[in-house]
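> Build me a structure from this.
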Amino acid sequence: KNINCQIKITHPLRLKNNNGQWLSQNDITLGHIVKGAILRLNKISQFYGNKTKLDLQYALSEVAFCREAKRNLKWFQDKRYSSTQTKNISLAGITGSFSYLNLSPSINALLQTISVFHLGKHASSGCGKIIIK
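Residues are numbered from 1 along each chain as shown. Purely as a prediction, here's the structure:
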């Protein structure tokens, strides 16, 4: 059964496109989020798990059937001071929400999983937190 969901980005999210450029709030898609999720979970599996890899191409083919219903994203600018590097670190990124129709159960499960691990640049600092409703 296909699922409708809202993806809420509560902490600034920064992801790159295939050309290595940072995505803006106008450019980011579900495909970018799914790709980032697969790459992050595969890294976690490689270093801390059983080295099993999720299939990126299969996941992206599943995303092709999803349709964006609503978008309310904005660019958020913030920074923090690093005492070890003695400089300000940019924590800028995309926040807000967007809704999708017709998610497959496997894509929904992937999004639910990545909501625990965060996503994108500075995920280890708490950025890239998403909530799936």
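> Just the buried positions in the longest helix seen in the chain, please.
Determined from DSSP state H, the single longest helix within the chain is helix 30-48. By neighbour count on 16 or more other CB atoms under 10 Å, the buried set for helix 30-48 is Leu30, His32, Ile33, Val34, Lys35, Gly36, Ala37, Ile38, Arg40, Leu41, Asn42. Just so you know, the C-beta spots here come from the backbone N, C-alpha and C atoms, and that holds for glycine as well.
> and it, average pLDDT?
Averaged across helix 30-48, the pLDDT comes to 95.
> same thing with stretch 60-68?
What stretch 60-68 shows for mean pLDDT is 93.
> Stretch 90-105 too?
The model assigns stretch 90-105 a mean pLDDT of 93.
> do you know how far the spatially most central residue of the chain is from Leu60?
Residue closest to the average C-alpha location in the chain (CA atoms, centre = their mean): Ile33, at 3.9 Å. Distance of Ile33 to Leu60, computed by CB to CB, to the nearest Å: 11 Å.
> Could you pull out the helices in this structure for me?
Under DSSP H, the chain gives helices at 30-48, 56-63, 105-117.
> Those helices into JSON lines, with extra columns for distance to Gly126?
Converted to JSON lines, the helices of the chain look like this (distance: least, CB to CB, whole Å):
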{"stretch": "helix 30-48", "distance to Gly126": "15"}
{"stretch": "helix 56-63", "distance to Gly126": "25"}
{"stretch": "helix 105-117", "distance to Gly126": "12"}
